[in-house]
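Enquirer: Next input, structure requested:
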Amino acid sequence: MSEAEEAVIRAHHDEWARVVAALTRRFGDLDIAEEAAAEAFATAVERWRADGVPPNPGAWLTTTANRKAIDRIRRESRRDDKHREARMTYDDLPEPVGAIDDDRLRLIFTCCHPALAVEARVALTLRMVGGLTVPEIARAFLVRATTMEQRITRAKAKIKAARIPYRMPSADDLPARVSGVLAVLFLVYNEGYLASGPGTDPVRHDLTTEAIRLTRLIRALLPQDGEVAGLLALMLLTEARRTARVSANGELVPLDEQDRGAWDAELIAEGHRLVRERLAAAAAGVAPGRYQILAAINAVHTSARDIRDTDWSQILALYDRLVRLDPSPIIALNRAIAVAELDGPEVALAIVDRLAEVLACYHAYHATRADLLRRLGRSRQSHAAYDRAIDLAGNTGETAYLTRRRDQLR
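Expert: Numbering: from 1, shown residues only. Predicted coordinates:
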C-alpha cells in the first residue's frame with residue numbers, strides 16, 4: 001500500500017473499519033473484504049486528488065468497495081452463490097446488534113474470536129478495526145512490518161480454513177473475548193498517547209479519546225471485571241497528564257519535568273477511585289491482573305505532588321509483582337527505571353544491558369540507557385546511545401526531546 005493510500009486510510013479510519021466489516025458480513029470472506037476496501041481507498045487517492053473529497057466520504061468508499069467486491073466475485077465462477085447474494089441491495093435489511101449497541105465496539109468483539117491465538121486476533125483487529133497501519137502494529141509488538149504482515153495473513157487464512165463464523169457476539173461470548181479486546185484498546189491508546197510513526201505529532205487525540213470511550217462502554221457491560229476497571233483507570237491516569245506532556249514548541253516533556261499543576265485533577269480522582277476499588281477486591285482475595293497493577297503504578301506517580309515525593313519503593317514492589325505476571329522485556333525496562341531511583345544508575349544499567357538483544361530496535365531502550373550513562377558521567381557512550389534512540393524514535397516530539405538531551409552532554 002502506498003503512502004498516499006495509508007494517508008487516506010488514516011484520515012478516514014472509521015470508514016475503513018466499517019467498510020471492511022460490512023463487506024465481510026455480506027460476502028463471508030475476510031480477504032475479499034479487505035482487498036475490496038484497499039482498492040476503494042486506492043481509487044479514492046486518485047479521484048479525490050482530482051475531484052476533491054466528496055460530501056460523504058464513508059458512503060462513497062462503501063459503495064465503491066462493494067462494487068469492487070462484486071466485480072471480483074463475478075470473475076470467480078466458483079462463487080456463484082455469493083454472486084447472487086451480492087446482487088442484494090446493500091442496506092436492504094437491518095442487522096442484529098447482539099449484546100453490544102456501539103458499532104465499533106461490536107466489530108472489535110466480533111474480530112477477537114477465541115479460536116485465534118491472542119497475538120493474531122489482536123493484530124488482525126488492530127488492522128481491520130483499530131485504524132492502525134501494519135508498521136504501527138509491528139512497532140507495538142516489537143517485530144518487523146513484514147513479520148506482522150505475515151502474522152495477519154496467517155490469521156485471515158485460519159479464519160477461512162477453519163470456517164470461523166463472522167457473527168455478532170452474544171452476551172455469553174463477551175467474557176471469552178474480553179482479554180483480546182482489552183489488548184486491542186490498550187495498544188490503540190498507546191499509539192495515540194505516544195505516536196510511533198516517523199515525523200508524526202507526538203499525540204493522536206482521536207485514538208486516545210476513542211480508546212477511553214470504548215473502555216467505558218465495556219466497563220458498563222462487564223462491571224465486575226477487574227481488568228476492565230484496571231485498564232480504564234490506567235488510561236484515565238495517563239490521559240490526565242496529556243496537556244503537560246508536550247511543550248509549546250512541540251517537544252515531549254518527560255514525567256520529571258512536567259508541570260503537575262496542569263494535570264487534570266478530575267481524571268486523576270476518577271482513576272484513583274477505580275484503583276482503590278480494585279485494591280479492596282485484592283484485599284478480599286481477588287488477585288489483580290496486568291492492567292490493574294499498571295494502574296496502581298500510575299496512581300503512585302499521580303499521587304506525588306513533586307517528583308521528589310514519588311514512592312519509588314512502592315513502584316518497584318508493584319513492578320516486581322507485574323514481572324511475575326508479564327515477564328516482557330518492556331516491563332523489565334520500566335522496572336529498571338525504578339531500580340535506578342532506589343539503587344542507583346549503575347545497578348539499573350546492568351539490568352538494562354541484559355535486554356540489549358531483544359530490545360535492540362526499541363528507541364526507549366536506547367533512550368533509557370543514554371540517560372543512565374549520562375548520570376554515570378559516561379558522556380561519550382551516552383551520546384552514542386542518544387544517537388541510536390534518535391534514529392529509532394518515531395514522532396517529532398520525542399526526536400526533539402532526545403536531541404536536546406544529547407546536545408546538553410559535555
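Enquirer: hang on, Ile137 packs against Thr147?
Expert: No: counting by C-beta atoms under 8 Å, Ile137 stays clear of Thr147, with 10.4 Å between them. To be clear about C-beta, it is placed using only N, CA and C from the backbone, and glycine gets the same treatment.
Enquirer: okay, those two: which has more neighbours?
Expert: Neighbours per residue (other C-beta atoms under 10 Å) separate Ile137 from Thr147, with Ile137 holding more: 25 against 13.
Enquirer: How is the more buried one assigned, secondary-structure-wise?
Expert: Ile137 carries the three-state label helix when classified by DSSP: H, G, I helix; E, B strand; the rest coil.
Enquirer: Could you measure from Pro223 over to Glu266?
Expert: Per C-beta to C-beta, to the nearest Å, Pro223 is found 21 Å from Glu266.
Enquirer: That should have said Ser196, apologies.
Expert: Going from Ser196 to Glu266 by C-beta to C-beta gives 29 Å.
Enquirer: Please pull out the lowest mean pLDDT helix or strand from this structure.
Expert: Ranked by mean pLDDT, DSSP states H and E, the weakest helix or strand in the chain is helix 80-86, scoring a mean of 48.
Enquirer: after that helix comes which helix or strand?
Expert: Where DSSP states H and E defines the elements, the next helix or strand beyond helix 80-86 is helix 103-111.
Enquirer: how far does that next one sit from the chain's center?
Expert: Centroid separation for helix 103-111 versus its chain: 15 Å, with C-alpha atoms, centre = their mean, to the nearest Å.
Enquirer: List the buried residues in it.
Expert: Neighbour counts over helix 103-111 (16 or more other C-beta atoms under 10 Å) mark Arg104, Leu105, Arg106, Leu107, Ile108, Phe109, Thr110, Cys111 as buried.
Enquirer: For Leu23, grab the count of nearby residues.
Expert: When neighbours are counted by other C-beta under 10 Å, Leu23 registers 26.
Enquirer: so who does it touch?
Expert: Contacts for Leu23 (C-beta atoms under 8 Å, 6 or more residues apart in numbering) come out as Ile32, Ala33, Ala36, Ala37, Ala65, Asn66, Ala69.
Enquirer: so which of those comes closest to Ser382?
Expert: Set against Ser382, the nearest of these by C-beta to C-beta is Ala37 (46.4 Å).
Enquirer: hang on, isn't the closest one packed against Arg18?
Expert: No: judged on C-beta under 8 Å, Ala37 makes no contact with Arg18 at a distance of 9.6 Å.
Enquirer: and Arg163, how many neighbours does it have?
Expert: Using other C-beta under 10 Å, Arg163 is surrounded by 7 other residues.
Enquirer: you'd agree it is in a helix?
Expert: No: read with three-state DSSP, Arg163 is coil and lies in no helix.
Enquirer: ok, it to Ser313 distance?
Expert: For Arg163, the distance to Ser313 - C-beta to C-beta - is 53 Å.
Enquirer: Which one's more surrounded, Ala37 and Arg18?
Expert: For Ala37 versus Arg18, neighbours defined as other C-beta under 10 Å are more numerous around Ala37 (29 against 20).
Enquirer: now the helix or strand where the more buried one lies against helix 103-111, angle please.
Expert: Assigned by DSSP H and E, Ala37 belongs to helix 30-51. Orientation note: helix 30-51 sits at an angle of 150 degrees relative to helix 103-111 (axes from the mean of the first three to the mean of the last three C-alpha atoms, to 10 degrees).
Enquirer: and helix 30-51, what does it pack onto?
Expert: helix 3-11, helix 13-27, helix 57-75, helix 145-161 (3 or more C-beta pairs under 8 Å, 6 or more residues apart in numbering; DSSP states H and E).
Enquirer: Can you list the buried residues in it?
Expert: Those would be 30, 32-45, 48, for helix 30-51 by 16+ other C-beta under 10 Å.
Enquirer: Closest to Arg324 out of these?
Expert: Nearest to Arg324 among those: Leu30, at 36.9 Å, using C-beta to C-beta.
Enquirer: Next one: that closest one, what pLDDT does it get?
Expert: Looking at Leu30, its pLDDT is 65.
Enquirer: just so I have it, where are all the helices in the stretch 101-250 of the chain?
Expert: 103-111, 118-128, 134-141, 145-161, 174-193, 205-221, 226-239 (DSSP state H, counting those that start in this stretch).
Enquirer: quick check: mean pLDDT across the longest one?
Expert: What it means is helix 174-193. Mean predicted lDDT for helix 174-193 stands at 89.
Enquirer: For that helix, list every residue counted as buried.
Expert: For helix 174-193, a neighbour-count test (16+ other C-beta under 10 Å) marks 174, 177-193 as buried.
Enquirer: cool, and the fourth one?
Expert: Of the residues in helix 145-161, those with enough neighbours to count as buried (16+ other C-beta under 10 Å) are Met148, Glu149, Arg151, Ile152, Ala155, Lys156, Lys158, Ile159.
Enquirer: which of the buried residues of helix 30-51 lies closest to Asp320?
Expert: Closest approach between those and Asp320, by C-beta to C-beta: Leu30, at 41.6 Å.
Enquirer: Please report how far the closest residue in space to Gln258 that isn't next to it in sequence lies from Ser303.
Expert: Distances taken as C-beta to C-beta, 6 or more residues apart in numbering place Ala244 nearest to Gln258, at 4.1 Å, with adjacent residues excluded. Separation of Ala244 from Ser303 (C-beta to C-beta): 16 Å.
Enquirer: repeat for Gly397
Expert: Distance, Gly397 to Ser303, by C-beta to C-beta: 26 Å.
Enquirer: which one of those two has more residues nearby?
Expert: Using other C-beta under 10 Å, the more surrounded residue of Gly397 and Ser303 is Gly397, with 23 against 15.
Enquirer: show me what contacts that one?
Expert: Asp201, Pro202, Val203, Val246, Gly250, Glu251, Leu252.
Enquirer: how is this protein carved up into domains?
Expert: 1-95, 100-223, 227-302, 311-410 (automatic domain parsing).
Enquirer: then stretch 209-217 to PDB, C-alphas only?
Expert: Only the C-alpha atoms of stretch 209-217 are listed here, as PDB (Å, rounded to 0.1, in the frame of the first residue of the first chain):
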ATOM      1  CA  THR A 209     -10.300   9.600  23.100                       C
ATOM      2  CA  GLU A 210     -11.800   6.600  21.300                       C
ATOM      3  CA  ALA A 211     -10.000   4.000  23.400                       C
ATOM      4  CA  ILE A 212     -11.200   5.600  26.600                       C
ATOM      5  CA  ARG A 213     -14.800   5.800  25.200                       C
ATOM      6  CA  LEU A 214     -14.900   2.200  24.300                       C
ATOM      7  CA  THR A 215     -13.300   1.000  27.500                       C
ATOM      8  CA  ARG A 216     -16.000   2.900  29.400                       C
ATOM      9  CA  LEU A 217     -18.600   1.000  27.400                       C
END
